[in-house]
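Chemist: Fold the following.
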Amino acid sequence: MNLKPLHDNVLIQREESEERTASGIIIPDAAQERPQRGTVLAVGPGKGETPMNVQKGDSVLFGKYAGTEFKVDGQELVIMRQDDIVAIVE
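Modeler: Next comes the predicted model:
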């Protein structure tokens with residue numbers, strides 16, 4: 001399926017969460033924290049005169065409760081406004 005965000009929305013795929021601690025202890029799924037980092041898959045055209053500061057392929061950090069999660073073809077994705085992204089990881 002091909003998704004194209006509208007306005008100032010950004011489509012992001014979350015990074016996989018860590019399954020083990022640094023000391024090797026396995027973390028059960030229920031106790032794993034969702035990563036707040038992901039890769040931009042698609043970017044909307046922008047809204048009004050506000051330019052889009054992120055682009056496809058950028059690695060970004062975002063707020064813990066930012067965006068709306070959904071599944072497409074078995075892949076968990078997040079769509080959020082550009083304002084919910086706090087940093088681009090370089």
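
Chemist: Let's test this: name the helix or strand in the chain with the lowest mean pLDDT.
Modeler: Ranking every helix and strand in the chain by mean pLDDT, DSSP states H and E puts strand 68-72 at the bottom, with a mean of 89.

Chemist: neighbouring contacts of the very next helix or strand once past that strand?
Modeler: Downstream of strand 68-72, the first helix or strand assigned by DSSP states H and E is strand 75-81. Contact partners of strand 75-81, identified using Cβ atoms under 8 Å, 6 or more residues apart in numbering, comprise 3, 5, 8-14, 38, 41, 62, 66-71. (Each C-beta comes from the backbone N, C-alpha and C, glycine too.)

Chemist: Can you name every helix or strand that the following helix or strand past strand 75-81 contacts?
Modeler: In the C-terminal direction, the helix or strand that comes right after strand 75-81 (DSSP H and E) is strand 85-89. The contact analysis (3 or more Cβ pairs under 8 Å, 6 or more residues apart in numbering; DSSP states H and E) places strand 85-89 against strand 59-62.

Chemist: Give me the buried entries from the contacts of strand 75-81.
Modeler: 5, 8-12, 14, 38, 41, 62, 66-67 (16 or more other Cβ atoms under 10 Å).

Chemist: distance of the residue of the chain most remote from its centre from Glu15?
Modeler: Ranked by distance from the centre of the chain (Cα atoms, centre = their mean), the top residue is Ser23, with 27.6 Å. When distance is defined by Cβ to Cβ, to the nearest Å, Ser23 is 21 Å away from Glu15.
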